[in-house]
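Enquirer: Here is my input; please provide its structure:
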Amino acid sequence: MQIAHYQGLPRIIIDPGESYVTEKDEIISTLLGSCVAACLYDPVNRIIGMNHFLLAQQHPAHNANLLASEGGRYGIHAMELLINQMLKQGAQRLHLKAKAFGGGDVLKLNHQSRGSASIGTINCEFIKTFLQTEHIPLVASGLGGDIGRNIFFLANDFSVYVKRIAYAEEQAVIKLERRFLNNNTTVNVPTPADQADFW
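Expert: Alright, predicted model coming up:
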């Protein structure tokens, strides 16, 4: 986790495997390739949180329950950790809403015992299934495709700005995710470019 500043506000940058929750006027950001970030917020108690996870396990068999798979158990841990952190800071589960981003097919690992689904696709399936199962509304998303994204989650109005990353940054994300898949989670996130979409 790193702390920087963006437009005069503290910017908390999280890496794969991390999460962060705040009730302050801060920005949480992360750089995504195949990984997914869940942006949760309680608009009543004004608490936001974000995680960044990568399901490295192979896709379960056809018609199997993704949430019950080994990778799904890791994703459930990442989501429950984020939800519990938010509840400890005063959020209420019944008020939680979600926005989700990432899951781009940047690693191109859709072979090697994964069937036809890429890691990004599996991550996208997981987050949608988890939120539906937990009755947390998914109000906005930017999932899938073949692009890397840098996201900025603003506490003041719960908006998320999404920036498509440039080729050089995408190569850095690919190296980062390959290292994360190999259990080396000491990573540095490059600084993003300036163009953004709003969610």
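Enquirer: next one: phi and psi at the nearest residue to residue 46 once chain neighbours are set aside?
Expert: The spatial neighbour of residue 46 that comes closest, neighbours along the chain excluded (Cβ to Cβ, 6 or more residues apart in numbering), is residue 23 at 6.1 Å. In this view, the C-beta of every residue, glycine as well, is placed from N, C-alpha and C. Note on residue 23: its backbone torsions stand at phi -120, psi 10 [degrees, to the nearest 10].
Enquirer: Residue 124 too?
Expert: Main-chain torsions, residue 124, degrees, to the nearest 10: phi -60, psi -40.
Enquirer: just checking, it touches residue 36?
Expert: Yes: in terms of Cβ atoms under 8 Å, residue 124 counts as a neighbour of residue 36; the distance is 6.7 Å.
Enquirer: So if I had to pick from the two, which one is more boxed in?
Expert: residue 36 (29 against 24; other Cβ atoms under 10 Å).
Enquirer: got the phi/psi numbers for that one?
Expert: Main-chain dihedrals, residue 36, degrees, to the nearest 10: phi -120, psi 140.
Enquirer: I'd like to know how far residue 30 sits from residue 20.
Expert: Counting by Cβ to Cβ, to the nearest Å, the separation of residue 30 from residue 20 is 9 Å.
Enquirer: Between those two, which contacts overlap?
Expert: Common neighbours of residue 30 and residue 20 are listed as 14, 50 (criterion: Cβ atoms under 8 Å, 6 or more residues apart in numbering).
Enquirer: Looking at these two, which is more packed in?
Expert: Ranked by neighbour count (other Cβ under 10 Å), residue 30 and residue 20 place residue 30 first, with 27 against 20.
Enquirer: Is that one within a helix or a strand, and which one?
Expert: strand 27-32 (DSSP states H and E).
Enquirer: Output that strand as PDB, restricted to C-alpha atoms.
Expert: What follows is strand 27-32, C-alpha atoms only, in PDB (Å, rounded to 0.1, in the frame of the first residue of the first chain):
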ATOM      1  CA  ILE A  27      -9.300   8.500  -3.000                       C
ATOM      2  CA  ILE A  28      -8.600   4.700  -3.200                       C
ATOM      3  CA  SER A  29      -6.900   3.600  -6.400                       C
ATOM      4  CA  THR A  30      -5.400   0.600  -8.000                       C
ATOM      5  CA  LEU A  31      -4.000  -0.700 -11.300                       C
ATOM      6  CA  LEU A  32      -5.800  -3.700 -12.800                       C
END
